[in-house]
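Enquirer: next comes the sequence, and after it the predicted model I'd like to discuss.
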Amino acid sequence: MADAWQMNVSMTIMPRHIHLTVSAKEGIGTFTFIAAIRNTLTSYDVNTHLSKLSWEVADQGIGVHDAICLFDKIKKIPPANKWWVLLAASLANASFCRLFGGDFIAMGIVFMATMAGYYLKQMLVEAKVDIRLVFIICAFVSSVLGATDGLFALGTTPAIALGTSVLYMVPGIPFLNAFSDMIDGHYICFFSRLVNAVVLTCCLSIGLYGGMLLMDVRMFS
């Protein structure tokens, strides 16, 4: 987009804020913006429209005014139906359980554990609870429910049910973004995003361990 509009752009993305500097190709008129990032649920629909807008600017030469109008429309896109997202996430995690060798009873338990944990995650994020605490609480709830497979001897793959019950919490996008920054040579962004992803993974592990401790589950004996 910057090249299409004959501009120079330097952008630094951190876990808590974005630092953006824009200037003309001739170096005249430089503007710097620093904006905080809110912790919200990811909207892949909005991301898709934003990506489409960027390619329309680059390939079709859309002007600034038209791009701003399209951007304003994108901002008004309503969030995806949270009940559909909840169902889709639960089905996806149950499918992961099956891929890792879980039986159908384990799949059902993982489905319910994911549904409970993800619904709690939606509520806590909407209430603006610290994302690290969200990871701990949701992983704890899901692991407690996932441990019921082994606790009541319901199926033949209790360890897989427990292990995959919190799989939906793994911060895959932060890890991918961090390594993408490393490949591109943005080492400060890489380090800050990697630390953020590692912290979230540690919070997930704390919640999982708490659930296992409460349910007296031992993965290794």
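Expert: Thanks, I have the structure now.
Enquirer: next, work out how far apart residue 11 and residue 2 are.
Expert: The spacing between residue 11 and residue 2, counted by Cβ to Cβ, to the nearest Å, is 9 Å. The C-beta positions use only the backbone N, C-alpha and C, and glycine is treated the same way.
Enquirer: do a quick rundown of the helices in the chain.
Expert: Assigned by DSSP state H, the helices in the chain fall at 44-60, 64-75, 82-99, 104-126, 131-146, 148-151, 158-164, 172-184, 187-214.
Enquirer: average model confidence for the second one?
Expert: For helix 64-75, the mean per-residue pLDDT is 91.
Enquirer: tell me the helices and strands packed up against that helix.
Expert: Where contact means 3 or more Cβ pairs under 8 Å, 6 or more residues apart in numbering; DSSP states H and E, helix 64-75 is packed against helix 44-60.
Enquirer: now tabulate the helices of the chain in JSON lines and tack on distance to residue 7.
Expert: Shown next, in JSON lines, are these (distance: least, Cβ to Cβ, whole Å):
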{"stretch": "helix 44-60", "distance to residue 7": "11"}
{"stretch": "helix 64-75", "distance to residue 7": "10"}
{"stretch": "helix 82-99", "distance to residue 7": "36"}
{"stretch": "helix 104-126", "distance to residue 7": "34"}
{"stretch": "helix 131-146", "distance to residue 7": "33"}
{"stretch": "helix 148-151", "distance to residue 7": "56"}
{"stretch": "helix 158-164", "distance to residue 7": "46"}
{"stretch": "helix 172-184", "distance to residue 7": "19"}
{"stretch": "helix 187-214", "distance to residue 7": "21"}
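Enquirer: okay if I get the ones you listed as a markdown table plus mean neighbour count and distance to residue 17?
Expert: As requested, the helices of the chain are exported to a markdown table (neighbours: other Cβ atoms under 10 Å; distance: least, Cβ to Cβ, whole Å):
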| stretch | mean neighbour count | distance to residue 17 |
| --- | --- | --- |
| helix 44-60 | 13 | 19 |
| helix 64-75 | 12 | 19 |
| helix 82-99 | 17 | 27 |
| helix 104-126 | 21 | 19 |
| helix 131-146 | 23 | 15 |
| helix 148-151 | 19 | 42 |
| helix 158-164 | 24 | 34 |
| helix 172-184 | 15 | 15 |
| helix 187-214 | 18 | 10 |
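Enquirer: and these: which comes nearest residue 23?
Expert: Among those, the nearest to residue 23 by Cβ to Cβ is helix 64-75 (15.1 Å).
Enquirer: the closest one: how far from the chain's middle?
Expert: Its chain's C-alpha centre lies 25 Å from the corresponding centre of helix 64-75 when counted by Cα atoms, centre = their mean, to the nearest Å.
Enquirer: outside of it itself, list whatever touches it.
Expert: By Cβ atoms under 8 Å, 6 or more residues apart in numbering, the surrounding residues in contact with helix 64-75 are 1, 5, 46, 49-50, 53, 56-57, 62.
Enquirer: how about stretch 33-44?
Expert: 14-22, 77, 79-80, 85, 122, 125, 128, 131, 173.
Enquirer: just the ones of those in strands?
Expert: 17-22 (DSSP state E).
Enquirer: domain-wise, how is this protein divided?
Expert: What automatic domain parsing lists as the domains of the chain is 6-37, 42-78, 82-214.
Enquirer: mind telling me which of these the model trusts least?
Expert: domain 6-37 (a mean of 84).
Enquirer: identify each buried residue in that one, please.
Expert: 13-15, 22-23 (16 or more other Cβ atoms under 10 Å).
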